[in-house]
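*Asks:* I'll drop the sequence and a predicted model, then ask my questions.
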Amino acid sequence: MKGIAFREFVRWYERSRGRDALLKAWRSLPDDLRAQLDPDRDAFGLLAGSWYPIQIPAGLLESITWGLSPEARVALLREGTHHAVKATLTGVYRVLFETLMTPERHARYAQKIWSNYYNTGHVEGRILGPGRAEQVVRDWNGHHALLCELSIWSVTVFHEHMGCTNVKVSRSACVLSAAAPRSSRGVASRDVAPVEEGACRFLVTWDAAGRA
């Protein structure tokens with residue numbers, strides 16, 4: 001996973017939960033992974049342009065969500081992802097994104113957007129109709145349940161930054177389970193349809209009346 005959004009999530013967690021809570025998560029990692037982070041530096045010294053073993057963000061997420069209720073876990077992941085993605089959309093890049101990006105272009109360039117955060121996974125996006133799109137992720141070697149859940153919120157934030165209103169993202173299939181995962185409203189879907197092995201499918205809906 002690339003450090004750009006991961007670093008901002010770590011910063012948000014420390015500000016919202018405290019340094020002691022962050023260090024507790026760091027100490028939960030195996031020695032070899034813990035050694036790649038500097039506990040004395042801001043955001044463990046994570047660099048925006050560097051790549052890190054997926055076990056590091058996955059392990060930290062497991063630690064900070066351990067023992068939380070499903071509702072509390074959803075709230076933590078939602079808030080952290082909203083902050084992390086928004087923090088990467090700053091300055092000129094934010095203006096260009098909000099001005100030029102549309103749901104149609106997001107679907108067309110889904111792979112390029114994904115590759116800014118992960119170095120594995122083949123992503124296909126397509127528009128299903130007015131106010132409806134889907135994104136399918138295949139061959140994601142670094143797949144992890146919590147990182148997959150973060151994808152729900154990342155796609156939500158991207159569409160909100162495009163000016164879409166009433167954005168809802170639901171995961172209709174996951175490589176780990178055919179059970180109904182939660183949507184970006186925290187409500188379990190009853191319309192889960194399994195897809196081919198090794199793929200996760202996300203459905204995106206928004207107000208088709210237009211961008212805000």
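*Replies:* Perfect, I can see it now.
*Asks:* which of the three states applies to the closest residue to residue 23 other than its chain neighbours?
*Replies:* The spatial neighbour of residue 23 that comes closest, neighbours along the chain excluded (C-beta to C-beta, 6 or more residues apart in numbering), is residue 39 at 6.0 Å. Using the backbone N, CA and C atoms, a C-beta is placed for each residue, glycine as well. Per DSSP: H, G, I helix; E, B strand; the rest coil, the secondary structure class of residue 39 is coil.
*Asks:* residue 39 touches residue 24, doesn't it?
*Replies:* No: look at residue 39 against residue 24 with C-beta atoms under 8 Å: they stay out of range, at 10.9 Å.
*Asks:* quick one: the helices in this structure?
*Replies:* Counting by DSSP state H, residue ranges of the helices within the chain are 3-17, 19-27, 31-34, 55-65, 70-88, 91-100, 103-108, 110-114, 145-161.
*Asks:* return the helix or strand in this structure with minimum mean pLDDT.
*Replies:* Each helix and strand of the chain was given a mean pLDDT (mean pLDDT, DSSP states H and E); the minimum falls on helix 91-100 at a mean of 58.
*Asks:* out of the helices of the chain, nearest to residue 167?
*Replies:* Nearest of those to residue 167, taken as C-beta to C-beta: helix 145-161 at 4.6 Å.
*Asks:* using CSV, write down the CA coordinates of the closest one.
*Replies:* What follows is helix 145-161 as a C-alpha-only set of coordinates in CSV (Å, rounded to 0.1, in the frame of the first residue of the first chain):
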residue,chain,number,x,y,z
ALA,A,145,-11.4,-7.6,5.1
LEU,A,146,-10.8,-4.1,6.7
LEU,A,147,-9.0,-2.7,3.6
CYS,A,148,-11.9,-3.9,1.5
GLU,A,149,-14.3,-2.1,3.8
LEU,A,150,-12.2,1.0,3.5
SER,A,151,-12.8,0.9,-0.3
ILE,A,152,-16.5,1.6,0.4
TRP,A,153,-15.6,4.9,2.0
SER,A,154,-12.9,5.8,-0.5
VAL,A,155,-15.3,5.5,-3.4
THR,A,156,-17.9,7.4,-1.4
VAL,A,157,-15.5,10.3,-0.7
PHE,A,158,-14.4,10.4,-4.4
HIS,A,159,-17.9,10.8,-5.6
GLU,A,160,-18.7,13.4,-3.0
HIS,A,161,-15.7,15.4,-4.2
